[in-house]
Structures are given as C-alpha cells and as structure tokens.
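Engineer: quick one: sequence plus predicted model below, questions after.
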Amino acid sequence: MFGILHKKHYREVLNKIDATNNDNLIRFFRQIPFMRFFSQKFMRELHLILELQTYNANQIVFYEGVPADFVLFVREGSFEITRTFDDKECHV
C-alpha cells in the first residue's frame, strides 16, 4: 500500500509551513525595539533572505578587529562577549 501526495497538496503543505515560520519570525522581530517600526511587507521580505544558523557552546562567532558582513539576532540561548586587554581575557 502506498500513500500519494499530489504536487498541489504538497505545495499547500509547504506554504502553510512557510507561513507559520514567517509568523513566528515576525513575532520574534517585533520583540526587538528597533524592529517594531518596520512594515509587515519588510518583515516578510526579510524572512525570505534570512539564514538561520545554529552555533555550538563556546563556538567563536566574531573575532575582535575582523570586519563582519552580517548581523546576528539571537533567538534562543545566550552568548558571551570577551575582549583581550594586556594579554588577559576579560568578559564584557
């Protein structure tokens, strides 16, 4: 016995999943003070180009002095910022 999912229904399912993810992301961004003022249209467009990343504990994401070409929005978890002064690591 086989179950068949037609292309039309497959696309409907994907669209529902995408809409749910989009709604969740917009709710997340609305919690960030400066993002509250952006339009729904902008938020939907942002969702299309956003890359979700997962980082491991103690993974280094930025190095001091190295230009970054991205912005991180932390949705879950926590992070620590450290800086080196006189060859000693300090937590900021």
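Structural biologist: Yep, that arrived. Nothing here was measured: the structure is a model prediction, and the numbers come from that model. Numbering: from 1, shown residues only.

Engineer: pLDDT below threshold where in this structure?
Structural biologist: Within the chain, the ranges that satisfy pLDDT under 70 run 15, 91-92.

Engineer: go again using 80 as the cut-off
Structural biologist: Low-confidence segments of the chain, defined by pLDDT under 80, are located at 1-3, 5, 9-22, 44, 47-48, 84-92.

Engineer: strands of this protein, residue ranges please.
Structural biologist: Taking DSSP state E as the test, the strands found in the chain are 82-85, 88-91.

Engineer: so which of the ones you listed comes closest to Leu50?
Structural biologist: Across the strands of the chain, Leu50 has its closest neighbour in strand 82-85 (26.8 Å, Cβ to Cβ). Heads up, the C-betas are built off the backbone N, CA and C, glycines and all.

Engineer: now for that closest one, which elements pack on it?
Structural biologist: If you count contacts as 3 or more Cβ pairs under 8 Å, 6 or more residues apart in numbering; DSSP states H and E, strand 82-85 packs onto strand 88-91.

Engineer: got the CA coordinates for the strand it packs on in PDB?
Structural biologist: Listed in PDB are the C-alpha atoms of strand 88-91, where the atom choice follows Å, rounded to 0.1, in the frame of the first residue of the first chain:
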ATOM      1  CA  LYS A  88      44.200  38.900  29.600                       C
ATOM      2  CA  GLU A  89      40.700  37.900  28.500                       C
ATOM      3  CA  CYS A  90      38.000  40.000  30.100                       C
ATOM      4  CA  HIS A  91      34.300  39.400  30.000                       C
END
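
Engineer: what lies in contact with it?
Structural biologist: With Cβ atoms under 8 Å, 6 or more residues apart in numbering as the test, strand 88-91 has contacts from Glu80, Ile81, Thr82, Arg83, Thr84.
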